[in-house]
Each structure stands twice: as C-alpha cells, then as structure tokens.
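Trainee: Quick check, what structure comes out for this input:
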Amino acid sequence: MPLNDQLQDILDSLSGFGPVVWLSMAFSVGLVLDLVLTHQLGPERAKKWLAGFTSLSLTIAALWAVLTPERGFLFLHLLFLDNQAIFVQVIVALAGILVVIYSTFSSSPPHSATADRSLRNGGPLTPISSKFPPSPHLILGLTIGLFLLTTSVNLLAIYLSLELVSVSSYLLTALSGTRRASEGGIKYLLFGAISSAVMLYGMSFLYGMTGTMDITSTAFGVELAKNSPFVVTAVTMLTLAGFLFKLSLVPFHVWTPDAYDAAPLPIAALFSVAPKAAALLALMRLITALPGGQFVDVQTPLAVIALASITLGNFSALWQTDAKRLLAYSTIAHAGFLLVGVVALNDAGFEAALFYIATYLPINLAAFFLIDLLSKHNGDSLTIANFAGLGTKHPLLSVSLTVVMLALVGLPPTVGFTAKLLIFSALFNAYETTGNGWLLALFGIGLLNAVVSLAYYLKIPFLLFFRPAPADTPNSVRLSPIAVAIAIGLAALVIVLFLSPDWLLNLIASF
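Mentor: Take a look at the predicted model:
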C-alpha cells in the first residue's frame, strides 16, 4: 500500500480509536493528579478525588464506545472494531465504574462505639477496611489494555494488549503496602511471565508458518493448512497460554487464589470479571481464524481444560475457610464453565459464552461486595465461620448474598441458571454434531460439578441463618447506604435478568 494511503488509513482509524485515546489521556492526567493531590490533600483524600476522576473517565469511555460510528478494521488491520468489541468494552468499563464507586464509599470510616470513643479522645480514626485500591487511576491503565484486547486481530497487538493488562494487574495487586500484597504481586508476576513467554513462543511459530500476524488474513488459514495438523494444534495450544492465564484456567490457574487474596477486595472483584470478558472475545477471534473442519482439533484440548478447571476449582473451594479465597477458587470453576461455550465451536456456544460473561458481571461483583459488607460486622474478618448469626441481624444483606450464591450454583430463579442452560445446550448440540466423546464427558461431569458447588456456595448462607453468632461478636457498624445500594441492586439484577433475559439475548444475537 502506498505511503499516502497508509497515512490516510491511520487518520481515518482515529475516529474509531477515540475511547482508547481518551483513556490514555485520562491515565496520564491521573498520574499527575496523584502526585499533586497526595501532596496537597494527603493520601486518603487524594484517593477519593482520584476515584471520582477515574469513574468519570470510565463513564465517558463507555459512552464514547457506544456512540462510535466507525466500524471495521483500524490501523491497517491491526485492530478490528465491531459490535461484539463494543459490547465487551461496555462490560469492562461498567465493572470498573462499579468497583471504583463501591470502594470509594465502602472504605469510609465506621460509626461505632469504638469510633465514637476514638473521636472523643481526639485519636485517629482508622477505617474499618483498608480495601480501597491504592491508586484508583491504575484501573484506567488496565482498561486501556482490555479495550485494545477486545479489538486486536494481530498477533503482536494481542500480545502487547495482554502485557498491558498484566502489568496493570501486577501493580494493582502489589501496591497495597503490605507484605502479603507484595508476595501476591510477585507470584502473579512470575506466573504471568511464564505464560507470556509460552504464548510468545507459540506466536513466533504461527508467524513463521503463515508469514503474517493478521489472524483475519486469508493467508493465515491457508498457510496453516499446509502444515501438519499435529504441529498446528500444538502451536495453537502454546499460543493460547496467555488467554488461559487471563481466564484463570488450568494449568495457568495457580496464581489466582494468592493474587485475589493479596489484592484489595474490590480489585479482586474486578479481576474476576473484566480481564475474563476481554480475553474471552480475543480467544474466540483466534479460534475462528484457524483452518476449518477437523484439521486443527482444538475442541478436545479445550474440553479437557474446561473439565479440569471446573473440577479443580470446585473441589479446591470445598476446603476453604476464607470467603475471599473461596470466591477465588470459584472463579477458576466459572472460567471453566465460560470455556464450555467456546468448546462448542458454534454460534450458539459463542453467544452463550457472551451471555454468561455479561451476567457474571452482576453475580460476581455482588458476591464480593456483599461478602465485604457483611465482614464489616464481624471485625472485618473474611473467615467463613465468623459469618454465623449475621442473617438475623442484617437480613437484607444476607438474603441478597443467598440469592447471589444460588446464581453462582446455577439455580433458578436466578440468571445463573439461564447462563448455564444456554452453554450446556450449545455443548450438547455440538456433541450431537461431532460425536466427540470428550464433549459428552464435559457435559455430564460439568453438570455434576454444579451439584458439588452446592456444598460450598451454600455454606455461608447456612451459617448466616442457621448458626448462632459467637459471644464475642464485635459491635455493628454503620455502612454506607450507597455501597449497600450497589450490592443489593446487583443482587436484584440477578433475578430481573432471569425473569427477562430476552433483551440481552437479542442484543447479543444481533451481532
């Protein structure tokens, strides 16, 4: 292509690149504001202002993405913007907004007898929770990477986007100022480096076999088909390492419980949704770019990975005594359920996977938020045994958490049931078409795992309502009405989407 045409294409692409440009500018401004406001107002007040700036920036980015008129390839086939990318970008931005707003209000100082004595004595008032993100504007850096990942159709762009997401995630995990956060961040970094190296190794083979990094190019599939099916399958699985890492799938799942445990609770909630949404779409783009038919058999390896993730996540969660680590292992199992839709390798499966991740947003954020709110009434402890007896003291929060736990299991009347019904229906249709025995095994054992998950998901509701509170239960604290409203509103949305899922299904099907 002549140079003039290349320059013109770059200029034309800017109209579809507006949200990323905006987020990049906001991130740069946020870095300056962090330095200035911390010096002028102090760390805690500076975080509040930065949180407001971050949530406003994410809102503008989401609206800009929806209103972007440009569709198609950007920057010489480096990126591809379509309705699916915009849909996932909105999910990512919405997750970030909810996390920032919740953490801003939930981290406010408590009102309790202890707090009153502290104020009367003129002593410092320590917030009940140190779970506020250390640098809220770093979420903008994470969002930039996720926005780019949703549109990347070039191997180099995919790799750089994943690395931007990873670096931001490491910082958000490790910068809380505690030893546990530092250890969790280092573990996250080490496992991320390994998966990144494996993925880059696979990408180098793909480029060597095809001569192009553009996965939408006709030459990509044609040149791959000229190689041995076994070699192409092996190289593809190496390339998928980065996606498996971001989705917390076996065997790249080991970092998940330690990183979630080390990160501030709202950040752990964000990790459980946003990176998975973007990585899911990028994974579907790469798989659909492979040669068709039975030439490259990624269906069987992905089915094995999904089955291993569901089983390992569920059985590991059974033994957890900490609510945060329980939810961390739960996300591994749900990543496996999410992959079930991809394993189907049909339109129904891809649509079901998008529906699953969209509904997983309110379900999982509500689970983390409600656990956090209830933990404030037992001394900020996330030990599961300490939730005993809180159901009678805080019935609204406890009932909301019970609804969310039922949704995580996949029981009606919650949208979790609808999501699992759709992905397993698509999987069974794929089995009837292909006759692949691994799909039938995934179908049967996956459903049995849903029964296993009852044992740990309903553990906390059982303690809330059917076990007495310990004698030394701390005094109750006054919670922020806004934080409570966000958590309960998300739990209510879980039921609303079950009663009326058509609008979301039609939206996804229209892509």
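Trainee: Which is the succeeding secondary structure element to the longest helix along the chain?
Mentor: When the chain is parsed with DSSP state H, its longest helix is helix 179-210. Sequence order places helix 218-224 as the next helix or strand after helix 179-210, per DSSP states H and E.
Trainee: hang on, the earlier thing: if you count neighbours, what's buried in the longest helix of the chain?
Mentor: 181, 183-189, 191-192, 195-196, 198-200, 202-203, 205-206, 209-210 (16 or more other CB atoms under 10 Å). Placement of C-beta: from N, CA and C, glycine included.
Trainee: Model confidence at residue 19, what's the number?
Mentor: With respect to pLDDT, residue 19 scores 94.
Trainee: So it, which state does it fall into?
Mentor: helix (DSSP: H, G, I helix; E, B strand; the rest coil).
Trainee: and it, how many neighbours?
Mentor: Residue 19: 25 surrounding residues under other CB atoms under 10 Å.
Trainee: quick one: contacts for the spatially most central residue of the chain?
Mentor: The residue lying closest to the centre of the chain (CA atoms, centre = their mean) is residue 273, at 1.9 Å. By CB atoms under 8 Å, 6 or more residues apart in numbering, the contact list for residue 273 reads 91, 95, 357, 360, 361, 364, 365.
Trainee: hmm, 7 Å instead?
Mentor: 95, 360, 361, 364, 365 (CB atoms under 7 Å, 6 or more residues apart in numbering).
Trainee: Residue 98 is in contact with the last one, correct?
Mentor: Yes. Taking contact to mean CB atoms under 7 Å, the distance of 5.8 Å between residue 365 and residue 98 places them in contact.
Trainee: Output the below-cut-off pLDDT ranges for the stretch 251-400 of the chain.
Mentor: 292-295 (pLDDT under 70).
Trainee: Mind jotting down where the strands sit in the protein?
Mentor: Assignment of strands within the chain using DSSP state E yields the ranges 72-74, 79-81.
Trainee: Mean pLDDT and distance to residue 253 added to those, as a markdown table?
Mentor: Below are the strands of the chain laid out as a markdown table (pLDDT from 0 to 100; distance: least, CB to CB, whole Å):
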| stretch | mean pLDDT | distance to residue 253 |
| --- | --- | --- |
| strand 72-74 | 88 | 33 |
| strand 79-81 | 92 | 29 |
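Trainee: of all those strands, which lies closest to residue 42?
Mentor: When those are compared by CB to CB, strand 79-81 sits nearest residue 42, at 40.8 Å.
Trainee: What helices and strands are in contact with the closest one?
Mentor: Counting contacts by 3 or more CB pairs under 7 Å, 6 or more residues apart in numbering; DSSP states H and E, strand 79-81 is packed against strand 72-74, helix 138-151.
Trainee: ok, 6 Å please
Mentor: In terms of contacts (3 or more CB pairs under 6 Å, 6 or more residues apart in numbering; DSSP states H and E), strand 79-81 is packed against helix 138-151.
Trainee: which residues touch the helix it packs on?
Mentor: Contact with helix 138-151 is made by 20, 23, 26-27, 30, 54, 79-81, 85, 88-89, 92, 96, 161, 164-165, 168, 171-172, 274, 278, 281-282, as judged by CB atoms under 6 Å, 6 or more residues apart in numbering.
Trainee: and among the strands of the chain, the most buried is which?
Mentor: Mean neighbour counts were taken over those using mean count of other CB atoms under 10 Å, and the top value, a mean of 23, falls to strand 79-81.
Trainee: any chance you could map the helices in the stretch 351-500 of the chain?
Mentor: Secondary structure of the stretch 351-500 of the chain (DSSP state H, counting those that start in this stretch): helices at 390-393, 395-409, 415-434, 437-457, 459-466, 481-499.
Trainee: What about the nearest residue to residue 216 once chain neighbours are set aside, how many residues nearby?
Mentor: Nearest residue to residue 216, sequence neighbours excluded (CB to CB, 6 or more residues apart in numbering): residue 153, at 4.9 Å. Each residue near residue 153 was counted by other CB under 10 Å, and the total is 24.
Trainee: hang on, isn't residue 153 packed against residue 78?
Mentor: No. With contact defined as CB atoms under 6 Å, residue 153 does not count as touching residue 78 (7.5 Å).
Trainee: ok, now how distant is residue 229 from residue 236?
Mentor: According to CB to CB, to the nearest Å, residue 229 and residue 236 sit 10 Å apart.
Trainee: of these two, who's got more company?
Mentor: Legend: neighbour count by other CB under 10 Å for residue 229 and residue 236, higher for residue 236 (20 against 14).
Trainee: Can you select the buried ones among the contacts of residue 273 for me in ChimeraX?
Mentor: Command for ChimeraX, covering only those of these found buried under the criterion 16+ other CB under 10 Å:
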select :95,360,361,364,365
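Trainee: What is the nearest of the contacts of residue 273 to residue 413?
Mentor: residue 360 (17.3 Å).
Trainee: Please name the nearest non-neighbouring residue to residue 283.
Mentor: Using CB to CB, 6+ apart, the closest residue to residue 283 is residue 243 (4.6 Å).
Trainee: Report whether the expected contact of the one you found with residue 281 is present.
Mentor: No. If you go by CB under 6 Å, residue 243 and residue 281 don't touch, sitting 10.3 Å apart.
Trainee: Nearest spatial neighbour of residue 100, chain-adjacent residues omitted?
Mentor: In space, residue 100 is closest to residue 55, 4.6 Å off (CB to CB, 6+ apart).
Trainee: List the contacts of the one you found.
Mentor: Going by CB under 6 Å, 6+ apart, the list of residues near residue 55 reads 97, 100, 101.
Trainee: Now flag whichever of those is closest to residue 507.
Mentor: residue 97 (19.3 Å).
Trainee: ok, now which ones touch the closest one?
Mentor: Taking CB under 6 Å, 6+ apart, we find residue 97 in contact with 55, 58.
Trainee: Quick check: the gap between it and residue 371.
Mentor: Distance from residue 97 to residue 371, by CB to CB: 20 Å.
Trainee: just residue 49 next, same as before
Mentor: The value you get for residue 49 to residue 371, if CB to CB is used, is 27 Å.
Trainee: Same question for residue 468.
Mentor: 20 Å.
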